[in-house]
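*Asks:* Provided below for reference: sequence and predicted model.
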Amino acid sequence: MYYYMGEGEGQKLKFPAEILKLLHSYRQDAEEKTEAGGIIVGKITYPDENYVVKTITEPLENDIRTRYTFFRDDKLHQETFDNLYKNDELLTYIGEWHTHPENYPLPSITDINNWKKLLREVDLDGDYMIFIIVGIQEMRVWIGDKRDISIKLL
């Protein structure tokens, strides 16, 4: 599966089926399911600058998870990424994902503020950052552009 990223720029965001299946496995489709999240790891292909999702980090033991909140243990997720990077130095951090207990997820003000902070502060390999919210009925993907700190729904 893929999404077109840039308007007229032709870049694509590509997802392997197994990553989509893994993301959907965290849907909060029952009252007892808590929010989940992690980072998105992938590769940027050149010269076309397509973003290819290779893996995600899954919730880890020190993450804080409730029905309506998710706080990632940055240190443990960074260690997970570092171990992946040791095996493939072309891998790079390309974004964030989390779940919402709603059918058609929308980012909260907290989400948007966090995404904009990441766009301003994180040293990225490319111009874009990917943000995913997995809802009950639908998964939605946003693209953040670090050049102008804009965010749009794909």
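*Replies:* Perfect, thanks for sending it. Residues are numbered from 1 along each chain as shown.

*Asks:* what about this structure, any weak spots by pLDDT?
*Replies:* For the chain, the stretches with pLDDT under 70 are 1-10.

*Asks:* element containing the residue nearest the centre of it, please.
*Replies:* In the chain, the centroid-proximal residue (CA atoms, centre = their mean) is residue 96; its distance is 2.8 Å. Following DSSP states H and E, one finds residue 96 within strand 92-99.

*Asks:* cool, and residue 114?
*Replies:* helix 109-121.

*Asks:* contacts for that helix?
*Replies:* 96, 98, 107, 129, 131, 133, 142, 144-146, 149, 151 (CB atoms under 8 Å, 6 or more residues apart in numbering). Any C-beta I mention is one placed from the backbone N, CA and C, and that applies to glycine too.

*Asks:* report the angle between that helix and strand 92-99.
*Replies:* Orientation check (axes from the mean of the first three to the mean of the last three CA atoms, to 10 degrees): helix 109-121 against strand 92-99 gives 180 degrees.

*Asks:* alpha carbons of helix 109-121, as PDB, please.
*Replies:* Extracted C-alpha coordinates of helix 109-121, given in PDB (Å, rounded to 0.1, in the frame of the first residue of the first chain):
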ATOM      1  CA  ILE A 109      -4.200  19.500  20.200                       C
ATOM      2  CA  THR A 110      -1.600  17.700  22.200                       C
ATOM      3  CA  ASP A 111      -0.800  15.500  19.200                       C
ATOM      4  CA  ILE A 112      -0.500  18.500  16.800                       C
ATOM      5  CA  ASN A 113       1.700  20.400  19.200                       C
ATOM      6  CA  ASN A 114       3.900  17.400  19.700                       C
ATOM      7  CA  TRP A 115       4.200  16.800  16.000                       C
ATOM      8  CA  LYS A 116       5.100  20.400  15.300                       C
ATOM      9  CA  LYS A 117       7.700  20.300  18.100                       C
ATOM     10  CA  LEU A 118       9.200  17.200  16.500                       C
ATOM     11  CA  LEU A 119       9.300  18.900  13.100                       C
ATOM     12  CA  ARG A 120      11.200  21.800  14.600                       C
ATOM     13  CA  GLU A 121      13.600  19.800  16.800                       C
END
